[in-house]
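Novice: What follows is a predicted protein model with its sequence.
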Amino acid sequence: MKRIMLVCAAGMSTSLLVTKMQKAAEEQNIEADIFAISESEVDKNLGSKDVDVLLLGPQVRYLKSSFETKYKDKHFPIDVINMADYGMMNGANVLKHALGLIG
């Protein structure tokens, strides 16, 4: 089971992307827990569950370096979702990117 956390400003703009990523995961027989939250909920969520990768929406890309510092002891990759894939809501590409980061 891969746990993929998407973070955006309010947690709402990524909900459609989550749906498309879940559909792509099902089509590829990949067990994944994919969810979206707002930047203000990250600490609370990471306190209660482990994640395999954290992806930032392009609108909060500025958080990447501070998150990398803050969560370095958690040992999961943090990256920004490709702007074109985000804009096109290309769940398959974003899932592929997330899985590539996980390794």
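Specialist: Ah, there it is. Keep in mind it's a predicted model, so treat the numbers as computed, not measured.

Novice: So which bits of stretch 61-73 are buried?
Specialist: Leu63, Phe67, Tyr71 (16 or more other Cβ atoms under 10 Å). C-beta coordinates here come from the backbone N, C-alpha and C atoms, glycine included.

Novice: and what of stretch 1-18?
Specialist: Lys2, Arg3, Ile4, Met5, Leu6, Val7, Cys8, Gly11, Ser13, Thr14, Leu17, Val18.

Novice: Next step: these restricted to strands.
Specialist: Applying DSSP state E to these, the entries found in strands are Lys2, Arg3, Ile4, Met5, Leu6, Val7, Cys8.

Novice: of those, closest to Glu41?
Specialist: Set against Glu41, the nearest of these by Cβ to Cβ is Val7 (8.3 Å).

Novice: Show me what that closest one is bridged to.
Specialist: Here Val7 shows beta-bridge partners Ile37, Leu56, assigned using DSSP bridges.

Novice: I'd like to know which of the ones in strands among the buried residues of stretch 1-18 is nearest to Asp50.
Specialist: Of those, the one sitting nearest to Asp50 (Cβ to Cβ) turns out to be Arg3, at 6.6 Å.

Novice: wait, doesn't the closest one sit right on Asp50?
Specialist: Yes - with contact defined as Cβ atoms under 8 Å, Arg3 counts as touching Asp50 (6.6 Å).
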